[in-house]
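> Sequence below, structure please.
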Amino acid sequence: MRRHAFAWLALSSFGALLALLPAATRPRYGGSLTVQLAVGFPSLDPSLASTDVSIEHERQAIGGLAFETLVSINPSGEIESRLATGWRAMNGRRWRFVLRSKGVFHDGQPVTAASVIPSLQAALKSRYSDVTVTGSGQTVTVQSESDLGDLAAELSLPRNAIYRKGDNGELIGTGPFRLEKWEPGRKALFGAFEEHWAGRPYIDSVIVNLGPLPRQLATSGADLWELPINGSRRVVPDGIRIWASLPNELVALVAPNLDPQVLEALALSIDRSSIVNVLAQRRGDAAGGLLPQWLTGYAFLFPTAPDAARAKLLLARSRPAALTLSCPPDDGFARSVADRISLNARDAGLTVQFTTAVVADLRLVRLSLPSANAALDLQEIRAFLGLQRPSNTAEAGRPDTLYHSELELLGQHKIIPLVFLPAIYGIGPRVHDWDASQNGRAQAMHLESVWVSP
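Below is the predicted model:
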């Protein structure tokens with residue numbers, strides 16, 4: 001009895017101590033969070049992918065606030081339920097998904113097979129021409145004459161989000177925030193969705209401002225800033241925390257029609273360490289392969305050091321003409337990388353000239369890796385390069401088969417990996433419980449558990 005009384009007294013004292021802690025240490029409901037992104041885009045429709053890969057990354061990051069997929073991939077690369085609570089591959093060409101019974105669209109309509117099929121079939125048709133999506137009640141079946149591979153992982157991608165369109169064309173999703181106002185290229189307003197299956201977010205609303213960042217961040221009035229690596233420096237106000245994800249963006253050169261010997265010589269001439277240390281201000285990693293070390297564990301097997309002597313030998317054999325190189329417009333970092341590549345190539349005896357023309361021999365691209373699933377990310381890179389998925393789907397196998405699949409993809413002589421970059425954000429003092437474990441590897445921005453001080 002005395003021991004129980006002592007335990008009760010200790011718990012009471014602990015509770016009194018908690019009551020004395022500042023209120024700011026405890027989550028609170030209410031308030032608005034303002035996010036400042038560095039680019040603008042015309043639509044949040046998940047089906048309307050932008051041809052600018054960097055813009056598409058930003059579009060999908062905030063689109064995830066309102067639009068959910070059937071499943072997601074957690075930071076460990078495992079598939080987790082979202083709108084679907086169960087899934088099973090009947091064979092390589094047929095999958096079945098069981099929908100969450102408490103899923104609700106933002107207009108109050110329940111999530112059923114009938115409401116999921118239209119957007120899901122339209123999304124999958126872009127990848128599998130003969131796919132059919134059928135179902136009734138809370139069960140959805142996806143079937144195709146071709147191999148669907150690991151369809152569950154693929155359905156985690158933002159382009160496969162479930163949504164509907166209202167009578168006036170408004171986008172209706174199921175996510176933790178409802179899209180309440182959209183000004184194309186300028187601003188988005190999201191409100192907390194009270195009926196979300198996982199519970200109401202802490203924040204009442206999220207305001208997302210789009211467009212160029214001011215040099216003085218304090219003048220933007222934001223709480224959360226995207227800080228792209230773009231070759232310019234900005235004054236960060238006192239009290240702002242700088243947070244960086246794991247490297248989840250691949251910067252690479254794409255050359256679909258270049259002589260393989262010339263492509264190899266160019267790859268050997270590039271000093272990737274100087275790009276990371278100088279141009280990226282030591283944020284990122286040199287890339288010899290297509291996937292980063294944290295994702296595969298074997299990226300160190302791909303060499304990244306330059307070999308000018310070998311490059312000169314290859315160029316002496318092929319004697320190539322001058323090459324043209326283009327990069328995304330208004331991207332200071334990409335332009336500085338292009339200039340460094342031209343300098344390195346010249347030292348090896350190859351002329352590479354920057355151009356603003358749409359068509360060029362070389363194109364500098366920035367590819368966001370969409371998940372913490374290595375096989376899925378490699379599959380997306382393959383699709384970006386216009387290459388067919390292997391018939392044996394080796395990318396979905398063990399690390400050794402994944403490694404050989406990556407080797408095979410590099411052996412197509414269409415891409416030169418350069419560096420892996422992280423996503424970087426400035427987080428204001430009002431922002432609490434930014435979930436680094438979720439935001440560290442995911443493409444979408446997770447604000448469900450974030451709360452703000454008054």
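
> Check which residues of stretch 68-76 are buried.
68-75 (16 or more other Cβ atoms under 10 Å). C-beta: built from backbone N, CA, C; applies to glycine.

> cool, and stretch 156-168?
Buried residues in stretch 156-168 (16+ other Cβ under 10 Å): 156-164.

> Show me which pair in the buried residues of stretch 68-76 is furthest apart.
For those, the farthest-apart pair by Cβ to Cβ is L70 and P75; their separation is 18.9 Å.

> Using TSV, please lay out the buried residues of stretch 68-76 together with secondary structure and pLDDT.
Formatted as TSV, these follow (DSSP: H, G, I helix; E, B strand; the rest coil; pLDDT from 0 to 100):
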residue	secondary structure	pLDDT
E68	strand	95
T69	coil	96
L70	coil	97
V71	strand	96
S72	strand	93
I73	strand	90
N74	coil	86
P75	coil	82
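
> now these as CSV including distance to D307?
Listed next are the buried residues of stretch 68-76 as CSV, based on distance: Cβ to Cβ, whole Å:
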residue, distance to D307
E68, 47
T69, 43
L70, 46
V71, 43
S72, 41
I73, 37
N74, 39
P75, 36
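
> From those residues, pick the one nearest P46.
For those, the nearest to P46 is T69 (9.0 Å; Cβ to Cβ).

> which residues touch the residue lying closest to L124 once chain neighbours are set aside?
Distances taken as Cβ to Cβ, 6 or more residues apart in numbering place V131 nearest to L124, at 4.6 Å, with adjacent residues excluded. Residues near V131 by Cβ atoms under 8 Å, 6 or more residues apart in numbering: 121, 124-125, 142-144, 148.

> can I get those in a markdown table with distance to A255?
Compiled in a markdown table, these are given as follows (distance: Cβ to Cβ, whole Å):
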| residue | distance to A255 |
| --- | --- |
| Q121 | 36 |
| L124 | 31 |
| K125 | 30 |
| V142 | 36 |
| Q143 | 38 |
| S144 | 32 |
| L148 | 31 |
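
> Looking at those, state which has the most neighbours.
V142 (27 neighbours; other Cβ atoms under 10 Å).

> SS state for that one?
Secondary structure state of V142, per DSSP: H, G, I helix; E, B strand; the rest coil, is strand.

> again with E380
helix.

> Quick check, it in contact with A374.
No. With contact defined as Cβ atoms under 8 Å, E380 does not count as touching A374 (10.9 Å).

> and these two? which has more neighbours close in?
More crowded of E380 and A374, by other Cβ under 10 Å: A374, with 24 against 18.

> Could you report the distance from the nearest residue to T174 once chain neighbours are set aside to S205?
Counting by Cβ to Cβ, 6+ apart, T174 lies nearest to E68, which is 5.0 Å off, once chain neighbours are set aside. As defined by Cβ to Cβ, to the nearest Å, E68 lies at a distance of 19 Å from S205.

> Likewise for G185?
20 Å.

> Compare the two (neighbour count), which wins?
For the pair G185 and S205, the greater number of neighbours falls to S205 (17 against 12), based on other Cβ under 10 Å.

> give the contact list for the more buried one.
Counting by Cβ under 8 Å, 6+ apart, the residues that S205 touches are 32-33, 180, 189-192.

> Inside strands: which ones of these?
32-33, 180, 189-192 (DSSP state E).

> Let me see the contact set for the nearest residue to P320 once chain neighbours are set aside.
Closest residue to P320 apart from its sequence neighbours, by Cβ to Cβ, 6+ apart: V262 at 4.7 Å. Contact analysis of V262 by Cβ under 8 Å, 6+ apart lists 314-315, 318, 320, 323, 350.
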